[in-house]
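Colleague: What would the 3D arrangement of this be:
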Amino acid sequence: MPAFDAIEVGQAMEALDVPITAALITGGAIATRDYFPGHIDLEAARALGSQAVFMNILTTNGLVQRFVQGWSGPQSRLCDLKIKLGAPNYPGDTMRFTGSVTDKRAQDRTVEVSFKGANAMGSHVTGTVRVRFP
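Modeller: Predicted coordinates:
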């Protein structure tokens, strides 16, 4: 966890690789009460034109929070999270999160982080989040 005073704009965050499994996709959908068939049933997903079950937005959002708070530490608060989805996450792939600090405000002890989670098909998720430090 970085100390707020040591953070600088442009500072890179340590990358995080997340293996994408069917259990992660279906478990995340069920845990978030998203019972859309494309997230939990292979045949239903294929009937929708998908190659496999695909990750829901709430699971993606949780993984974004894991990445950012893994860098900023458990005492930080995530504020103003903005994400945009791109390529789907399918089982058997890996999503690599990367990010960097794009803004720092001493008056409220916050930094803005820009991030990307990419898989073999390209960007799965991109966005920004403001992080408040204690």
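Colleague: Give me the phi and psi for Thr94.
Modeller: phi -130, psi 130 (degrees, to the nearest 10).
Colleague: Could I get the pLDDT score of it?
Modeller: Thr94 carries a pLDDT score of 98 in this model.
Colleague: Now do the strands in this structure.
Modeller: 16-19, 77-85, 94-105, 110-119, 122-132 (DSSP state E).
Colleague: where's the nearest residue to Thr98 once chain neighbours are set aside relative to Gln69, distance?
Modeller: Spatial nearest neighbour of Thr98, chain neighbours left out: Ala15 (5.1 Å); criterion: Cβ to Cβ, 6 or more residues apart in numbering. (Glycine included, C-beta is placed from N, CA and C.) As defined by Cβ to Cβ, to the nearest Å, Ala15 lies at a distance of 15 Å from Gln69.
Colleague: How many residues are close by the nearest residue to Ala22 once chain neighbours are set aside?
Modeller: Nearest residue to Ala22 in three dimensions, chain neighbours excluded: Pro91, at 4.3 Å (Cβ to Cβ, 6+ apart). Pro91 is flanked by 18 other residues according to other Cβ atoms under 10 Å.
Colleague: one step back: ok, now how distant is the residue nearest to Thr98 from Ala120?
Modeller: For Ala15, the distance to Ala120 - Cβ to Cβ - is 16 Å.
Colleague: ok, those two, which is more surrounded?
Modeller: Ala120 (13 against 10).
Colleague: so the more buried one makes contact with Asp93?
Modeller: Yes - at 5.4 Å, Ala120 and Asp93 qualify as touching, with contact defined as Cβ atoms under 8 Å.
Colleague: quick one: pLDDT of the residue nearest to the spatial centre of the chain?
Modeller: The structure's the chain has its C-alpha centroid closest to Val64; by Cα atoms, centre = their mean the separation is 2.3 Å. The model reports Val64 with a pLDDT of 98.
Colleague: Right, I'll leave it there.
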